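K.L.:
sharing a model prediction with you, sequence too.
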Amino acid sequence: MNKDDIRLLKYYRTARAAGYVLLLCILLFFFFWHPDLSLDQKEGSRRIGASYMTMNNEFFKIINEQIRDRVEAEGDMMYLRDPALSVERQREQIGQLLDMGITALILNPVDPDGLDEVLKRARDQGVYVIVVDSAVGNDDLIQCTITSDNYNAGSLDARYMLKTQEGGEIVVMTHGRAESGKQRVRGFLDTISGNSAFRVQGMLECEGQFEIALPEMRKYIGKGNKFDTVFCLNDPAAEGVVAALQEKDLAGRVNVYGVDASPDAKALINAGQMKASAVQFPTKLGETAADVLYRMLDGETVDKTIIVPVDIVTQDNIGEYDSERWQ
């Protein structure tokens, strides 16, 4: 080994040792340093909490983006939590937000009756609670509920079905814990009640999730059940149903209805694999929630319930809608 090689080896060893020392210092820094969340805030800013039943649905992401943009524009801070459809986790996460000293909470409950205890704590701490796209069982614990006209969303699908089909053997995809889903199913069923040409053959619980709707529909098909129509409480469920139908070469031969009018659902309507989807307006829901939030923080009185109208995208009017974006 020549002198140059020896110098290079010494340099390498020195650099490696220095790297270890630097890494150790970084680890010690993070071990002993406990961040003070208040340092992230501007003087006088407020903390706003948000908890939606799940964040794997683009619908909730759009609502939250609208609220977050307003919160940040006001100089406040927003803290988002995702309980992933677990009411126990949602209770725990809301409790953590209350420990942080939030001023207000934007809430989409996993279970309308499963949060009373933590909402009573929020009330006792003087925290404003705004519920979006659903409801809680005891609305004395919250200040405002903002929803789409969920009953009419289901009814719009049913009315279009009655207009375009002579009859139907129907499967209904449900979410039994979500008030919004229950309202949509009720609107659909009430609208077709008394019409003997349309019969409900099955009710499948899917929690409004693609990854649950697909195997549930797959199993239903595999049992040899006969049906020609599926009403889905939302578009993720409808997309799961269509995926199961595609596996059996049934897509386009079974009439599928959804709620949301998401870009993916509009693509399926355009391709003839869905019949229609009632339109929700997540941007409007988010903007309304943000407006209500800051009116309350300014001391104004707000309506207890705010209903945002819905529409419907069908195979007949799909050309009138932008297929690349939510409404």
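P.N.:
Received, thanks. Residues are numbered from 1 along each chain as shown.

K.L.:
name the nearest residue to Tyr128, sequence neighbours excluded.
P.N.:
Leaving aside its sequence neighbours, Tyr128 sits nearest to Ala104 (C-beta to C-beta, 6 or more residues apart in numbering; 4.0 Å). All C-beta atoms are positioned from the backbone trio N, CA, C, and that covers glycine.

K.L.:
pull the CA atoms of stretch 49-68 into PDB?
P.N.:
C-alpha atoms of stretch 49-68 as PDB (Å, rounded to 0.1, in the frame of the first residue of the first chain):
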ATOM      1  CA  GLY A  49     -59.200  19.800  15.000                       C
ATOM      2  CA  ALA A  50     -60.700  17.600  12.200                       C
ATOM      3  CA  SER A  51     -61.800  14.000  12.300                       C
ATOM      4  CA  TYR A  52     -63.500  12.200   9.400                       C
ATOM      5  CA  MET A  53     -64.600   8.500   9.500                       C
ATOM      6  CA  THR A  54     -61.800   7.700   7.000                       C
ATOM      7  CA  MET A  55     -59.400   9.500   4.800                       C
ATOM      8  CA  ASN A  56     -59.200   6.900   2.100                       C
ATOM      9  CA  ASN A  57     -62.200   8.600   0.400                       C
ATOM     10  CA  GLU A  58     -61.400  11.500  -1.900                       C
ATOM     11  CA  PHE A  59     -64.700  13.100  -0.900                       C
ATOM     12  CA  PHE A  60     -63.400  13.800   2.700                       C
ATOM     13  CA  LYS A  61     -60.100  15.000   1.400                       C
ATOM     14  CA  ILE A  62     -61.700  17.700  -0.700                       C
ATOM     15  CA  ILE A  63     -63.900  18.800   2.200                       C
ATOM     16  CA  ASN A  64     -60.900  19.000   4.500                       C
ATOM     17  CA  GLU A  65     -58.800  20.900   1.900                       C
ATOM     18  CA  GLN A  66     -61.500  23.600   1.600                       C
ATOM     19  CA  ILE A  67     -61.600  24.000   5.400                       C
ATOM     20  CA  ARG A  68     -57.800  23.900   5.800                       C
END
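
K.L.:
buried ones in that stretch?
P.N.:
For stretch 49-68, a neighbour-count test (16 or more other C-beta atoms under 10 Å) marks 49-55, 57-60, 62-64, 66-68 as buried.

K.L.:
on that earlier part again, now the residue nearest to Tyr128, what are its backbone angles?
P.N.:
phi -150, psi 160 (degrees, to the nearest 10).

K.L.:
and Arg199, by the same measure?
P.N.:
The phi/psi pair for Arg199 (degrees, to the nearest 10) is phi -130, psi 130.

K.L.:
same check on the one 5 residues further on?
P.N.:
Its backbone dihedrals place Leu204 at phi -120, psi 120, with angles given as degrees, to the nearest 10.

K.L.:
cool, Lys304 as well?
P.N.:
Lys304 adopts backbone torsions of phi -70, psi -40, taken as degrees, to the nearest 10.

K.L.:
same question, Gln66
P.N.:
Torsion angles at Gln66 (phi, psi; degrees, to the nearest 10) stand at phi -60, psi -40.

K.L.:
do I have it right that it meets Leu293?
P.N.:
No: the pair Gln66 / Leu293 is not scored as a contact, 11.0 Å apart, by C-beta atoms under 8 Å.

K.L.:
for this structure, just list every one of the helices.
P.N.:
Assigned by DSSP state H, the chain shows helices spanning 3-32, 58-73, 87-100, 116-124, 150-164, 179-192, 210-222, 235-247, 263-270, 282-297.

K.L.:
could you dump these into TSV with distance to Asp322 and mean pLDDT added?
P.N.:
Listed next are those as TSV, based on distance: least, C-beta to C-beta, whole Å; pLDDT from 0 to 100:
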stretch	distance to Asp322	mean pLDDT
helix 3-32	46	47
helix 58-73	14	96
helix 87-100	34	98
helix 116-124	38	97
helix 150-164	19	98
helix 179-192	23	96
helix 210-222	22	97
helix 235-247	16	97
helix 263-270	8	95
helix 282-297	12	97
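
K.L.:
tell me the contacts of the nearest residue to Thr314 once chain neighbours are set aside?
P.N.:
Setting aside the residues directly before and after it, Thr314 is nearest to Ala276 in space (C-beta to C-beta, 6+ apart), at 4.1 Å. When contacts are counted by C-beta atoms under 8 Å, 6 or more residues apart in numbering, Ala276 touches Leu156, Asp157, Tyr160, Met161, Tyr257, Gly258, Ile269, Ile312, Val313, Thr314, Gln315.

K.L.:
distance check, the third one against Ala50.
P.N.:
Read it as Tyr160. Distance, Tyr160 to Ala50, using C-beta to C-beta, to the nearest Å: 34 Å.
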